[in-house]
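Chemist: Sequence plus the predicted model coming up.
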Amino acid sequence: MKVCAIPDVQNMPDERNIPIDKVGVRGLRYPISVKDRKKCLQHTVGLFDLFVNLPKEFKGTHMSRFIEVLNEYRGEISMQKFQEVLQKIKDKLHAKSAHMNVEFPYFVEKNAPVTNTPGIMSYTCFMRGSLAERSDLIIGLEVPVTTVCPCSKEISDYGAHNQRGIVRVQLRFRKFFWIEEIIEIVESSASSEIYSMLKRPDEKYVTEKAFENPMFVEDVVRAAVSRLREKDNFPWYRIEAETFESIHNHSAYALIEKDFSPTPECFQGPCFMRSNGSF
């Protein structure tokens, strides 16, 4: 049987003389495995964005090649492998720059503080990286917390208003760290941490602990930064706290961003990729 040649439309020339900064696939859900401090490996689902640059000479890129690379590495998505994946994308698509974002739920087994009843907490995590002449990788996560208002506690005869909040952390790093380390830093910086399973003795403990430790959003971000500094591992970080106020029709918000990075020349190559393990 004679096989006819199939035209490759993407490789056809484009005469408009306009390069494209990013082209690729977005919103791709894919099963992945990530490293877990307790269980070594955790299976979850990643939401991916994958891009490369497109020179002005070409009409389009080969979208299927992104999926081919992702399928090759989905068994382990990690800080260690991130630059390797980006390099593979660059090579496979003959690009000068590659970009990958992945967001996924990360699950941690967490027992109630008094009864020790087991539960599972879910944290939203992401990795965002790029590779061109320089490489970059940012690790991020969202941690739910509880806060009690110090002002309300001071002026009220019957207690204080309390609410759930979210602390969002973004980091560049020098060496290995576990995502659980950052979760622990954030949870210890709020009035109380949050649990998925609480019996009555646990609820009493958590409520009283929070009221003994009132926190503004300003206190939360400052406490988190103080604990991050002790690690001496993060040349850049951005920490945001947002509490969904129980007595107001708005949220309270605070942000601290710090950059202790050396000169840009240091970031060439795998500067932020040096790690012995990761999620």
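Modeler: Thanks, I have it.
Chemist: Per-residue pLDDT of E72, please?
Modeler: Predicted confidence (pLDDT) for E72: 89.
Chemist: what helix or strand is it on?
Modeler: helix 63-73 (DSSP states H and E).
Chemist: Extract the C-alpha trace of that helix and format it as CSV.
Modeler: Extracted as CSV, the C-alpha positions of helix 63-73 are listed here (Å, rounded to 0.1, in the frame of the first residue of the first chain):
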residue,chain,number,x,y,z
MET,A,63,1.6,21.0,20.0
SER,A,64,1.8,17.2,20.3
ARG,A,65,5.5,17.3,21.2
PHE,A,66,4.7,19.0,24.5
ILE,A,67,2.5,16.0,25.5
GLU,A,68,5.2,13.6,24.4
VAL,A,69,7.7,15.2,26.8
LEU,A,70,5.2,15.4,29.6
ASN,A,71,4.3,11.7,29.2
GLU,A,72,8.0,10.8,29.5
TYR,A,73,8.4,12.6,32.8
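Chemist: helices or strands up against that helix?
Modeler: strand 20-36, strand 40-54, helix 79-93 (3 or more CB pairs under 8 Å, 6 or more residues apart in numbering; DSSP states H and E). Any C-beta I mention is one placed from the backbone N, CA and C, and that applies to glycine too.
Chemist: Need the residues that contact that helix.
Modeler: The contact list for helix 63-73 (CB atoms under 8 Å, 6 or more residues apart in numbering) reads 24-25, 28, 30, 48, 50, 81, 84-85, 88-89, 92-93.
Chemist: can you pull out the strands in the stretch 51-200 of the chain?
Modeler: Using DSSP state E, counting those that start in this stretch, the strands of the stretch 51-200 of the chain run over residues 98-109, 120-131, 135-148, 162-172, 192-193.
Chemist: now the helices for the stretch 151-279 of the chain?
Modeler: Taking DSSP state H, counting those that start in this stretch, the helices of the stretch 151-279 of the chain run over residues 179-187, 200-212, 217-231.
Chemist: To K258, which of the ones you listed lies closest?
Modeler: The minimum distance between K258 and the helices of the stretch 151-279 of the chain falls on helix 217-231, with 7.2 Å, by CB to CB.
Chemist: Please work out the angle formed by the directions of that closest one and strand 162-172.
Modeler: On the basis of axes from the mean of the first three to the mean of the last three CA atoms, to 10 degrees, helix 217-231 is oriented at 40 degrees to strand 162-172.
Chemist: so what does helix 217-231 touch, helix or strand wise?
Modeler: So helix 217-231, by 3+ CB pairs under 8 Å, 6+ apart, packs with strand 135-148, strand 162-172, helix 179-187, strand 236-244, strand 251-259.
Chemist: possible to save the ones you listed as a markdown table with distance to A98 and mean neighbour count?
Modeler: Formatted as a markdown table, the entries for the helices and strands packed on helix 217-231 read as follows, by distance: least, CB to CB, whole Å; neighbours: other CB atoms under 10 Å:
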| stretch | distance to A98 | mean neighbour count |
| --- | --- | --- |
| strand 135-148 | 10 | 21 |
| strand 162-172 | 18 | 20 |
| helix 179-187 | 24 | 20 |
| strand 236-244 | 21 | 21 |
| strand 251-259 | 24 | 14 |
